[in-house]
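Trainee: Structure for this input, please:
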Amino acid sequence: MSEIKLQISEKVRALADQAQREVAPYFARIDAVAEENTRKVLGAFQHRRVAEGYFAGTTGYGYDDVGRDQLDAIYADIFGAEDALVRIQFVNGTHAITCALFGVLRPGDILVSAVGAPYDTLLGVIGVVDKGPGSLKEYGIGYRQVDLTAEDKPDIPGMAEAVRDPKVKAVLIQRSRGYATRASLSVDEIGEMITAIRAVNPKVYILVDNCYGEFVEEREPIQVGADLVFGSLIKNPGGGLAPTGGYIAGRHDLVEMAAMRLTTPGIGKECGCTLGNNRALYQGLFLAPHTVAQALKTAVFCARMMELLGYPVDPVSSAVRHDIIQMIHFGAPDPLKKFCKGIQMGAPVDSYVTPEPWDMPGYDSQVIMAAGAFIQGASIELSADAPMREPYTLYMQGGLTYESGKTGIMLAVDQLLGGQS
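Mentor: Model (predicted):
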């Protein structure tokens, strides 16, 4: 039987060789962060005396699931928190964030979004747009947001002013850009925001949406003063192995409040069976620093390839990164669709299908998504998505291995340039 080879034009191969040479120096700093975070994770595993017995699953109520409870403790150790809640019962990152918001907020309280509007799926949760019953607004919880400056930067004086009202109970900081065009936030920048906010309102809860940012830096937002962080297990911390779930980490009392929303008052963290998934959650977390580094290298390579073709990108290939997302400005729908088709062709699953825009639940415009993943919707696996609206900006992320991620980018560029179909 003859060898099956992916069809990539010589022009794209030459472009990839150039891009690889030019970004190679930036890979060293990614590897250094991955090495430090790997030591951190290994230290937490050893401190909590992880054993084979922790991988056994539970059913039904999930009482006395030692592996589940120890994984909570390990997440708390890694993130510098007092407590954590790691559960497959979270259906996505938005669900984890929602449980945290409903846990800490009460009728009459006000939530402030510190860096403009949050991610699209949270707008219905807050009640900014009507996505169905049960929003914070419906429960009498107010909302304000501090818009970005004219330079698309966080408005730190504006944040301080916004929290002067004693009714402001919580501030939400979104680390990643989401579908905005602002830069993602570094942990240091988040620390500066927290310092400014605390100087005015020391009692306010500061909550950080940590999605896409875990293990990209050597510190996490709890370590610069955040009260809670939350995210999805099918992004960075799941390492490509977690089949579903999310996490919340931070202050013990606030984690308990969120747990009571996930389950019910009086039960909280005590219930929640793991159905045999503990091994995947542990192994995924152990691999996460390395897997995140693979995704970051894929993003850097992608940025350089697109720079060489003349497309505006953010971050640029030489930038120090704070999340795994690579933004590419296409300016028109057709090249965006071609790029997504190529990303899909580079997937190990469903590579033969063509992505098309559709009315994705929770979004205010059609979304195109290329994602041939082992875990449905896993953003730590190579994927690319975009809202089909001006300026037709694509958000690429993931890559379980750099080699596969690089190949996916090459196939995407080949499609963009009118290569093999």
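Trainee: Tell me who's in contact with residue 50.
Mentor: 70, 74, 282 (CB atoms under 8 Å, 6 or more residues apart in numbering). The C-beta positions use only the backbone N, C-alpha and C, and glycine is treated the same way.
Trainee: Just give the number of residues close to residue 222.
Mentor: Neighbours of residue 222 under the rule other CB atoms under 10 Å: 24.
Trainee: Apologies, that question was intended for residue 229.
Mentor: 31.
Trainee: which residues of the protein score low on pLDDT?
Mentor: 1-4, 362, 419-421 (pLDDT under 70).
Trainee: Select the longest helix from it.
Mentor: Assignment by DSSP state H gives helix 10-47 as the longest helix of the chain.
Trainee: which strands and helices sit next to that helix?
Mentor: helix 66-79, helix 278-308, helix 402-416 (3 or more CB pairs under 8 Å, 6 or more residues apart in numbering; DSSP states H and E).
Trainee: related to what we said a few turns ago, can you add distance to residue 268 and neighbour count and give the contacts of residue 50 back as TSV?
Mentor: As requested, these are arranged in TSV below (distance: CB to CB, whole Å; neighbours: other CB atoms under 10 Å):
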residue	distance to residue 268	neighbour count
70	17	19
74	19	24
282	22	21
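Trainee: Now do the buried residues in stretch 392-404.
Mentor: Residues of stretch 392-404 classed as buried: 392-402, 404 (neighbour count, 16 or more other CB atoms under 10 Å).
Trainee: Point me to the helix or strand that includes residue 386.
Mentor: Assigned by DSSP states H and E, residue 386 belongs to strand 383-387.
Trainee: Give the pairing partners of that strand; include direction for each.
Mentor: strand 367-370 (antiparallel), strand 393-397 (antiparallel) (DSSP bridges).
Trainee: looking at those strands, which is closest to residue 152?
Mentor: Closest to residue 152 of the strands paired with strand 383-387, according to CB to CB: strand 393-397, at 13.0 Å.
Trainee: report the angle between the axes of the closest one and helix 402-416?
Mentor: 160 degrees (axes from the mean of the first three to the mean of the last three CA atoms, to 10 degrees).
Trainee: Give me the residues contacting strand 393-397.
Mentor: Counting by CB under 8 Å, 6+ apart, 177, 179, 181, 212, 295, 299, 302, 324-330, 336, 339-340, 343, 379-380, 382-386, 409 sit against strand 393-397.
Trainee: List only those of those residues flagged as buried.
Mentor: 177, 179, 212, 295, 299, 302, 324-328, 330, 336, 339-340, 343, 379-380, 382-386, 409.
Trainee: still on that earlier bit, mind checking the helices and strands packed on helix 10-47 for the one nearest to residue 43?
Mentor: helix 66-79 (7.8 Å).
Trainee: And for the following helix or strand past that closest one, what's in contact with it?
Mentor: Later in the chain than helix 66-79, the nearest helix or strand by DSSP H and E is strand 83-87. Residues outside strand 83-87 that contact it (CB under 8 Å, 6+ apart) are 68, 71-73, 75-76, 233, 245-252, 255-256, 258-259, 262, 269, 272, 281.
Trainee: what do you get if the cut-off is 6 Å, keeping everything else the same?
Mentor: Strand 83-87 is contacted by residues 71-72, 75-76, 245, 247-249, 252, 255, 259, 272 when judged by CB atoms under 6 Å, 6 or more residues apart in numbering.
Trainee: how deep is residue 145 tucked in, by neighbour count?
Mentor: 18.
Trainee: What of the one 5 residues further on?
Mentor: Here the neighbour count serves as a burial measure; for residue 150 (other CB under 10 Å) it reads 7.
Trainee: Just the element for it, please.
Mentor: Going by DSSP H and E, residue 150 is not in any helix or strand.
Trainee: quick revisit: format the contacts of residue 50 as TSV; extra columns: distance to residue 101.
Mentor: Output for the contacts of residue 50, formatted as TSV (distance: CB to CB, whole Å):
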residue	distance to residue 101
70	27
74	25
282	28
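Trainee: which among the residues you listed gets closest to residue 196?
Mentor: residue 74 (31.9 Å).
Trainee: Redo the helices and strands packed on helix 10-47 as JSON lines? Include distance to residue 94.
Mentor: Below are the helices and strands packed on helix 10-47 laid out as JSON lines (distance: least, CB to CB, whole Å):
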{"stretch": "helix 66-79", "distance to residue 94": "19"}
{"stretch": "helix 278-308", "distance to residue 94": "19"}
{"stretch": "helix 402-416", "distance to residue 94": "25"}
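Trainee: Residue 6 is nearest to which of those?
Mentor: Comparing the helices and strands packed on helix 10-47 by CB to CB, helix 402-416 comes nearest, at 6.7 Å.
Trainee: What sits closest to residue 61 if chain neighbours are left out?
Mentor: In this structure, residue 61 finds its nearest non-sequential neighbour in residue 271, 4.9 Å apart by CB to CB, 6 or more residues apart in numbering.
Trainee: My guess is that neighbour contacts residue 62. True?
Mentor: Yes: counting by CB atoms under 6 Å, residue 271 does reach residue 62; the two are 5.4 Å apart.
Trainee: For residue 252, give me its contacts.
Mentor: Residue 252 neighbours (CB under 6 Å, 6+ apart): 82-83.
Trainee: how near is it to residue 358?
Mentor: Here residue 252 is placed at a distance of 42 Å from residue 358 (CB to CB, to the nearest Å).
Trainee: same deal with residue 397?
Mentor: Taking CB to CB, one finds residue 397 at 19 Å from residue 358.
Trainee: same deal with residue 125?
Mentor: Residue 125 is 21 Å from residue 358, by CB to CB.
Trainee: Of those two, give the one with the bigger neighbour count.
Mentor: residue 125 (22 against 12).
Trainee: got the contact list for the more buried one?
Mentor: For residue 125, the contact set (CB under 6 Å, 6+ apart) comprises residue 98.
Trainee: That one falls within a strand, correct?
Mentor: No: applying DSSP: H, G, I helix; E, B strand; the rest coil, one finds residue 125 to be helix, outside a strand.
Trainee: follow-up on the earlier one: what's the closest of the contacts of residue 50 to residue 168?
Mentor: For the contacts of residue 50, the closest approach to residue 168 (CB to CB) belongs to residue 74, at 33.1 Å.
Trainee: Out of the buried residues of stretch 392-404, which two sit at the greatest distance?
Mentor: Within the buried residues of stretch 392-404, 392 and 401 form the most distant pair, 28.9 Å apart (CB to CB).
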